[in-house]
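>>> pasting the structure only:
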């Protein structure tokens, strides 16, 4: 992340998206002005005569695992040729975790607000460069004395927009226990909320320029230790049955399986870091089979080729299915 304003910029763009959506929605006109803030929940109080309010709070910043370059053990990231400039740094991709809370002092205000906001966010899974640029221009001009507007003056809207290459928004549908834990951290009274994760893939700064042979995105190599039949199949591996792969680093942003070096990849049913459950195709012939775990890129950096990282091959024996009716016919 070459520009320290990236986090604040995304929060401002998210806030602007909410404000525009509320203004343009005619169904919300009966509520009057809805205030949109970005404050910690314990700093918000709404009285009897208070106006309805949406609060967007950034409660966690996490590093995208594809850009986590700090580990140096046996499972070191796998990349292609790493010929880089002496002072080159990899881009820092981060995930921003927000909780969006509705406040109201009348019946159904919070429910209506949350409903329309969820619909708005569902229709806006990606923040385009054009939307980011428009929102930042709005922030920089609407209140020139504001803290963020003054900070933007030290750089430029164009430079900041150019850095924010891909910005995706996805809901985190927490269960009751997870939401309760979150609000206990806030030390504030619970209000109806929904959590969102904003994933940013940021372009490199000039000091992070790399030679063309370097692939800036690194993926951790998965390793298969063993393959077993699912308990539901009574230990027998046949076409169409379920198998379990045990190993390390099995879960990637996009995890697929390759059987016998085929081009078509299988999508597993359950993926965990040390376990994968998947179902075999029905058309496999009996005999020795090979399986590999394949990790693919979730995002693609500019000028990067498609990159996938594969595990070691592990073999298993596929048994033929004995047709009891055919056996009886042969005996007769």
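Done, it's in. The structure displayed is predicted, hence computed values, not measured ones.

>>> Dig out what the residue nearest to residue 40 when sequence neighbours are not counted forms beta bridges with.
Using Cβ to Cβ, 6 or more residues apart in numbering and skipping residues adjacent in sequence, the residue nearest residue 40 is residue 57, 6.1 Å away. Where C-beta positions appear, they are placed from N, C-alpha and C, glycine not excepted. Beta-bridge pairing for residue 57 (DSSP bridges): residue 99.

>>> from memory residue 57 sits against residue 96, does it?
No. Using Cβ atoms under 8 Å, residue 57 makes no contact with residue 96, being 11.0 Å away.

>>> where in the stretch 101-250 of the chain is pLDDT low?
165, 201-219, 232-233 (pLDDT under 70).

>>> Strands of that one, residue ranges please.
126-127, 164-172, 193-202, 219-220, 223-229, 242-248 (DSSP state E, counting those that start in this stretch).

>>> Can you name every helix or strand that the third one contacts?
What that stands for is strand 193-202. Strand 193-202 sits against helix 6-24, strand 94-103, helix 109-122, strand 164-172, helix 176-186, with contacts defined as 3 or more Cβ pairs under 8 Å, 6 or more residues apart in numbering; DSSP states H and E.

>>> and with 10 Å instead?
Helices and strands touching strand 193-202, by 3 or more Cβ pairs under 10 Å, 6 or more residues apart in numbering; DSSP states H and E, are helix 6-24, strand 53-63, strand 94-103, helix 109-122, strand 164-172, helix 176-186.

>>> How about the first one?
Secondary-structure packing of strand 126-127 (3+ Cβ pairs under 10 Å, 6+ apart): helix 6-24, strand 164-172.

>>> ok, back up a step: any chance of the helices and strands packed on strand 193-202 in TSV with mean neighbour count and distance to residue 150 as columns?
As requested, the helices and strands packed on strand 193-202 are exported to TSV (neighbours: other Cβ atoms under 10 Å; distance: least, Cβ to Cβ, whole Å):
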stretch	mean neighbour count	distance to residue 150
helix 6-24	19	12
strand 53-63	17	20
strand 94-103	21	22
helix 109-122	17	29
strand 164-172	17	20
helix 176-186	13	29
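
>>> For stretch 43-55, what is the distance to the chain centroid?
Distance, stretch centre to chain centre, for stretch 43-55: 31 Å (Cα atoms, centre = their mean, to the nearest Å).

>>> Quick one: mean pLDDT for it?
What stretch 43-55 shows for mean pLDDT is 80.
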